[in-house]
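Enquirer: Quick one, what's the 3D model for this:
(4 chains)
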There are 4 protein chains.
Amino acid sequence: MESIERMISTSPSKPLLKTGVVDCIAACAECAVICISCADACLAEAQVAELRRCIRLNQDCADICSITARLVSRLLQPEVGVLRAQLEACALICASCGAECRKHAQHHEHCTVCADACRRCDEQCRKALSSLQAAA
Amino acid sequence: MESIERMISTSPSKPLLKTGVVDCIAACAECAVICISCADACLAEAQVAELRRCIRLNQDCADICSITARLVSRLLQPEVGVLRAQLEACALICASCGAECRKHAQHHEHCTVCADACRRCDEQCRKALSSLQAAA
Amino acid sequence: MESIERMISTSPSKPLLKTGVVDCIAACAECAVICISCADACLAEAQVAELRRCIRLNQDCADICSITARLVSRLLQPEVGVLRAQLEACALICASCGAECRKHAQHHEHCTVCADACRRCDEQCRKALSSLQAAA
Amino acid sequence: MESIERMISTSPSKPLLKTGVVDCIAACAECAVICISCADACLAEAQVAELRRCIRLNQDCADICSITARLVSRLLQPEVGVLRAQLEACALICASCGAECRKHAQHHEHCTVCADACRRCDEQCRKALSSLQAAA
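Expert: Below you'll find the model as predicted:
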């Protein structure tokens, strides 16, 4: 999002991540709302009993993505180890949740949309981790 | 966002809000990350002591917008009274936070960006409230 | 909790709420985790399809209680109107979620525990609202 | 908390953590509200400019503890790798935030209370990690 880019560029602090900070925040924020929406849609499906694991992972993914967006957005005196650990947790849940959603993609279009959002967020978190590595 | 639109349109549940549900979710999700970013930028400013109220309201606004996005995203059997009360709380904090940010806009560009995000979110929450009223 | 009481009493700011601020924070924080737990337990039940509304309200209640605890915990220059609106939203969702859980209490003990936590949180939010009224 | 214990024991799912699941949830939930409170108290202090790092870490710690409590509370079909990564992120931020708060403990009693909450949460997350290891 353009507004995120302007926030990052006008902060008195320089981002620890040399590149990709805006894309990472946007991907986490998007994945958070998409996962909330997918959990809700799965819960409304006739086959809800078969979608339990999907709902559970959607909830974890929404929670983790939401706070990862917050951590990456805070530029002032970050703690590198914490940032790395949180990005790793976020990449892991996005991979798990995305894989689970992909299984149901043929029957539920919302699971396709969610799997795509998870893949984008997983990628951005991994790019951010590489960028952190390069900065260290 | 296009992905939010696809989630809403492929859910088994129909939104209570006849119009504006996607714009409301997107505005809340954007305002949430922008406010986190503005609180962090304000905290890094030399004049942090004069930005205390801005930081405080940014934090409230980020928290409220974040969960309002979640409530509006859940379409399955919503509780109208709760949705209305939460949208009202969200419109109020966006108005307060936006007004405070506007005061510092001349000196801090991040406050301008945040005030704009708050205004958009306030508007979308008020539209959602009107749409709820019309549905009742 | 004793630790919350010590935080409130050692803050440089005086609480807007003359009484009950600690009990309100503790009740919101408790209700938030209990509702997450109840949503998870309901999702695991054989009759998950009949517990959809309970799960949905549990999720809303966890989200709203969680950020209401945050708002009430922040004592520095609060915005009275926002605090009131958020406490009202919290009391409403606790009443709705508690009523729904109570319906399933005979069959699911976790719903009994959750209905009790919702009732306590509803009460504390209403006390906080009265205390705000008295302060105004 | 007793209510958390009852929720865990009445869930249809068995916890992955053989021991300590209740203490871990309670410690995370407590640390989350204490950190919000400490950030607010630090922001109100005359020496706010020297407490910037404390405020920043308090915010990260509140966010991470809050969602770690949620993940640990969900017992249904957990993803071990994600749970481990999130507990590690939580232990790390509690150690960092606690160490920073300890530096200011002589001057600010709220930082003492917060450092203690961080230490307890760090310990409980590490116990949970050992318990996960033993279960694997």
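Enquirer: so who does the spatially most central residue of chain A touch?
Expert: When chain A is reduced to its mean C-alpha position, the closest residue under CA atoms, centre = their mean turns out to be residue A:28, at 3.3 Å. Residue A:28 makes contact with A:65, A:66, A:68, A:69, A:72, A:90, A:121, A:124, A:125 under the criterion CB atoms under 8 Å, 6 or more residues apart in numbering or on different chains. Every residue, glycine included, has its C-beta placed from N, CA and C.
Enquirer: Go through those and name the one nearest residue D:7.
Expert: Nearest to residue D:7 out of the contacts of residue A:28 is residue A:66 (CB to CB; 23.0 Å).
Enquirer: that older thread, can you tell me how far the residue nearest to the centre of chain A is from residue A:89?
Expert: Computed as CB to CB, to the nearest Å, the residue A:28 to residue A:89 distance reads 12 Å.
Enquirer: Need the residues touching each of these two.
Expert: By CB under 8 Å, 6+ apart, the residues touching both residue A:28 and residue A:89 are residue A:68.
Enquirer: In chain A, spot the helix with the most residues.
Expert: helix A:109-135 (DSSP state H).
Enquirer: so what secondary structure elements neighbour it?
Expert: Helices and strands touching helix A:109-135, by 3 or more CB pairs under 8 Å, 6 or more residues apart in numbering or on different chains; DSSP states H and E, are helix A:21-44, helix A:52-73, helix A:80-103, helix B:2-10.
Enquirer: Same list (those) but as CSV, adding mean pLDDT.
Expert: Compiled in CSV, the helices and strands packed on helix A:109-135 are given as follows (pLDDT from 0 to 100):
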stretch, mean pLDDT
helix A:21-44, 98
helix A:52-73, 98
helix A:80-103, 98
helix B:2-10, 95
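Enquirer: State the number of residues packed around residue A:109.
Expert: Counted with other CB atoms under 10 Å in any protein chain shown, the burial measure for residue A:109 works out to 16 neighbours.
Enquirer: same thing with residue A:125?
Expert: Neighbours of residue A:125 (other CB under 10 Å): 29.
Enquirer: Which pLDDT value belongs to it?
Expert: pLDDT, residue A:125: 98.
Enquirer: The residue in chain A sticking out farthest from the centre: what secondary structure?
Expert: For chain A, the largest distance from the centre (CA atoms, centre = their mean) belongs to residue A:46, which lies 27.6 Å off. Judged by DSSP: H, G, I helix; E, B strand; the rest coil, the three-state class of residue A:46 is coil.
Enquirer: Next, find the distance separating it from residue C:37.
Expert: 26 Å.
Enquirer: Next: residue A:21.
Expert: For residue A:21 relative to residue C:37 (CB to CB), the value is 35 Å.
Enquirer: Give me the buried positions along the longest helix of chain A.
Expert: A:109-129, A:131-132 (16 or more other CB atoms under 10 Å in any protein chain shown).
Enquirer: Ok, stretch A:7-27 next?
Expert: For stretch A:7-27, by 16+ other CB under 10 Å, it's A:7-8, A:10-13, A:15-17, A:20-27.
Enquirer: Read off the pLDDT value for residue A:20.
Expert: For residue A:20, pLDDT reads 91.
Enquirer: from memory it sits against residue A:124, does it?
Expert: Yes - Residue A:20 is within contact range of residue A:124, at 6.6 Å (criterion: CB atoms under 8 Å).
Enquirer: Could you pick out the residues of chain A near chain B for me?
Expert: A:1, A:3-4, A:6-8, A:10-13, A:25, A:29-30, A:32-34, A:36-38, A:40-41, A:43-45, A:62, A:66, A:69-70, A:73-76, A:108-110, A:113-114, A:116-117 (CB under 8 Å from any CB of the partner chain).
Enquirer: Residue A:86 contacts residue A:69, doesn't it?
Expert: No - contact criterion CB under 8 Å: residue A:86 and residue A:69 do not qualify, at 10.3 Å.
Enquirer: Tell me which helix or strand residue A:14 sits in.
Expert: Counting by DSSP states H and E, no helix or strand carries residue A:14.
Enquirer: Which residue, neighbours along the chain excluded, lies closest to it?
Expert: residue A:75 (7.0 Å; CB to CB, 6 or more residues apart in numbering or on different chains).
Enquirer: Got the phi and psi for the one you found?
Expert: phi -100, psi -20 (degrees, to the nearest 10).
Enquirer: what sits against it?
Expert: A:8, A:11, A:13, A:14, A:15, A:16, B:40, B:41, B:44.
Enquirer: What of residue A:25?
Expert: Residue A:25 neighbours (CB under 8 Å, 6+ apart): A:4, A:8, A:69, A:72, A:73, B:33.
Enquirer: re earlier: can you pick out the most distant pair from the contacts of residue A:75?
Expert: A:16 and B:41 (15.0 Å).
Enquirer: Quick one: name the residues of chain A near chain D.
Expert: Counting by CB under 8 Å from any CB, chain A sits next to chain D at A:52-53, A:56-57, A:59-60, A:63-64, A:66-67, A:70-71, A:74, A:76-79, A:81-82, A:85-86, A:88-89, A:92-93, A:96.
Enquirer: are any of those residues buried, and which?
Expert: Using 16+ other CB under 10 Å, the buried ones in the residues of chain A next to chain D are A:52-53, A:56-57, A:59-60, A:63-64, A:66-67, A:70-71, A:74, A:76-79, A:82, A:85-86, A:88-89, A:92-93, A:96.
Enquirer: ok so, going back, pick the one among the contacts of residue A:28 closest to chain C.
Expert: residue A:66 (10.3 Å; CB to the nearest CB).
Enquirer: Thought residue B:9 was touching residue A:41, still the case?
Expert: No - in this structure, residue A:41 is not within contact of residue B:9 by CB under 8 Å, at 10.5 Å.
Enquirer: on that earlier part again, what sits in contact with each of residue A:20 and residue A:124?
Expert: With CB under 8 Å, 6+ apart, residue A:20 and residue A:124 have no common neighbours.
Enquirer: Quickly note the distance from residue A:34 to residue B:1.
Expert: 9 Å.
Enquirer: and those two? which has more neighbours close in?
Expert: residue A:34 (32 against 19).
Enquirer: residues in contact with that one?
Expert: A:113, A:114, A:117, B:3, B:4, B:7.
Enquirer: how near is the nearest residue to residue A:23 once chain neighbours are set aside to residue A:83?
Expert: Using CB to CB, 6+ apart and skipping the chain neighbours, the partner closest in space to residue A:23 is residue A:124 (5.3 Å). Separation of residue A:124 from residue A:83 (CB to CB) stands at 14 Å.
Enquirer: What of residue A:19?
Expert: 15 Å.
Enquirer: Quick check: end-to-end length of stretch A:41-53?
Expert: 14 Å (CA to CA, to the nearest Å).
Enquirer: next one: stretch A:5-21
Expert: End to end - CA to CA - stretch A:5-21 spans 9 Å.
Enquirer: And the contacts of it?
Expert: A:22, A:24-25, A:72-73, A:75-78, A:80, A:83, A:124, A:127-128, A:131-132, A:134-135, B:34, B:37-38, B:40-41, B:44-46, B:108-110, B:113-114.
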